[in-house]
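**Q** Show me the folded form of this:
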Amino acid sequence: MKFSELVRLLEADGFRIVKEKGSIRYYSKSSWPKLLRIDYHGSKEVPKGTCNAILKSAGLKTGGIS
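**A** Numbers count the residues shown, from 1 in each chain. The predicted model follows:
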């Protein structure tokens, strides 16, 4: 999955950019208590472990390997 696809997935779930500094973006949504930090690199592939960690912290994926 590319960073742009990951962001699109988060935005479809209701997350919006709260702040941005350089390539680091912070996302939040009203019903979620935590900020999500994403080091955005556009069309580069997200490392699998990083992708899984971001999705899990966003509540879009439960534990386990996929």
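**Q** I'd like to know how far the residue nearest the centre of the chain sits from residue 61.
**A** In the chain, the centroid-proximal residue (CA atoms, centre = their mean) is residue 54; its distance is 5.0 Å. The spacing between residue 54 and residue 61, counted by CB to CB, to the nearest Å, is 9 Å. For every residue, glycine as well, the C-beta is placed using N, CA and C.
**Q** before we move on, back to that, okay but the residue nearest to the centre of the chain is in contact with residue 40, surely?
**A** No. The criterion here is CB atoms under 8 Å, and residue 54 misses it with residue 40 at 11.1 Å.
**Q** Can you spell out which helices and strands pack onto the helix or strand harbouring residue 6?
**A** Element membership for residue 6, per DSSP states H and E: helix 3-12. Under the contact definition 3 or more CB pairs under 8 Å, 6 or more residues apart in numbering; DSSP states H and E, helix 3-12 sits against strand 24-28, strand 36-39, helix 48-57.
**Q** Return the set of buried residues in the first one.
**A** Going back to what we said before, that points to strand 24-28. Neighbour counts over strand 24-28 (16 or more other CB atoms under 10 Å) mark 25, 27-28 as buried.
**Q** And the longest one, by the same measure?
**A** Of the residues in helix 48-57, 51-52, 54-55 count as buried by neighbour count, 16+ other CB under 10 Å.
**Q** With the shortest one instead?
**A** By neighbour count with 16+ other CB under 10 Å, strand 36-39 contains the buried residues 36, 38.
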